[in-house]
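J.: The sequence and its predicted three-dimensional model are supplied below.
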Amino acid sequence: MKTRMLRICLALSCSLLAGAALAAPLKVGIAAEPYPPFSIKQSSGQWSGFEVELVQRICQEIKERCQITEVAWDGIIPSLNSKKIDVIFNSMSITPEREKVIAFSKPYYYTDAEYVAPKGSKLTLTPEGLKGKVIGVQSSTVNADYIKKRYGQVASIKYYNTQDELNADMAAGRVDVMLLDALAASDFLKSKDGGALESKGMAPRDPIFGPGVGAGLRKSDVALKRKFDDAILKLRQDGSFNAIQKKYFKVDISVK
């Protein structure tokens, strides 16, 4: 009888352990600061937005229970490699420099970079034209890499940890011009804080911007990368991606 009971207990223990392992969610890392319309934090604490909705659909496709997990943007890659999160899904551009330390899924969207400055300001976007100007840009982004490369020798560059901080300084007149993702710029220019600002044009396509935005994954997670690649491809083909992007954008942001 005791032997039978022991077997039952062992079976139950194994079952519970297996259940716990299966229940472990896939932690999807996003920066703690909202990045509308890609990631928006509701007053309830829940996250919404284009990337949140898209990754939730991907998680359904790959049959994983996913958990949005906030981390600091400048620590998001170390958080991935130290296994605090399992995936980065937060408008991270694919670049050769980042590919040295993490893997990327297939790109799921592309956006140009756009200059924004006060309405009516006369700016020429060449290095000579912005000589002596204060240019704002979010740090640890491809936009920052581009600004440093193009204007580092002639302009004063101010780096910001978050786009919100940069937007606030831009609205307050503490920088002359900023460079940010065009899709985020479109949303900001419609806001009250962006009302006195306007687009000054797109940055030219440059290899430094990479092929688009992809999900960041650990290099060792080969099977998970394959699942994300397959899901992104399927959502493009079955129209799911298009249906989601139409909720947030008037232009097509899919990767051609």
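T.: Yep, that arrived.

J.: CA only for contacts and neighbour counts going forward, please
T.: OK.

J.: Let me see the ranges of the strands in the stretch 51-200 of the chain.
T.: Along the stretch 51-200 of the chain, counting by DSSP state E, counting those that start in this stretch, strands occupy 66-71, 87-88, 103-104, 113-118, 134-138, 156-160, 177-181, 197-202.

J.: any idea of the mean pLDDT in the fourth one?
T.: Think strand 113-118. Mean per-residue pLDDT for strand 113-118: 96.

J.: and it, what other elements does it pack with?
T.: strand 177-181, helix 182-189, strand 197-202 (3 or more CA pairs under 8 Å, 6 or more residues apart in numbering; DSSP states H and E).

J.: now swap in the third one and tell me
T.: With contacts defined as 3+ CA pairs under 8 Å, 6+ apart, the packing partners of strand 103-104 are strand 216-217.

J.: Same check on the last one?
T.: Strand 197-202 makes packing contacts with strand 113-118, helix 182-189 when contacts are defined by 3+ CA pairs under 8 Å, 6+ apart.

J.: can you give me the angle that strand makes with helix 182-189?
T.: 160 degrees (axes from the mean of the first three to the mean of the last three CA atoms, to 10 degrees).

J.: mind checking which of the helices and strands packed on strand 113-118 is nearest R57?
T.: Checking the helices and strands packed on strand 113-118 against R57 by CA to CA gives helix 182-189 as the closest, at 21.1 Å.

J.: then the closest one to CSV, C-alphas only?
T.: The C-alpha trace of helix 182-189 is given here as CSV (Å, rounded to 0.1, in the frame of the first residue of the first chain):
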residue,chain,number,x,y,z
ALA,A,182,8.6,58.6,-38.9
LEU,A,183,5.7,56.6,-37.5
ALA,A,184,6.3,57.8,-34.0
ALA,A,185,6.8,61.4,-35.3
SER,A,186,3.4,61.3,-37.0
ASP,A,187,1.7,60.4,-33.7
PHE,A,188,3.6,63.1,-31.7
LEU,A,189,2.9,65.9,-34.2
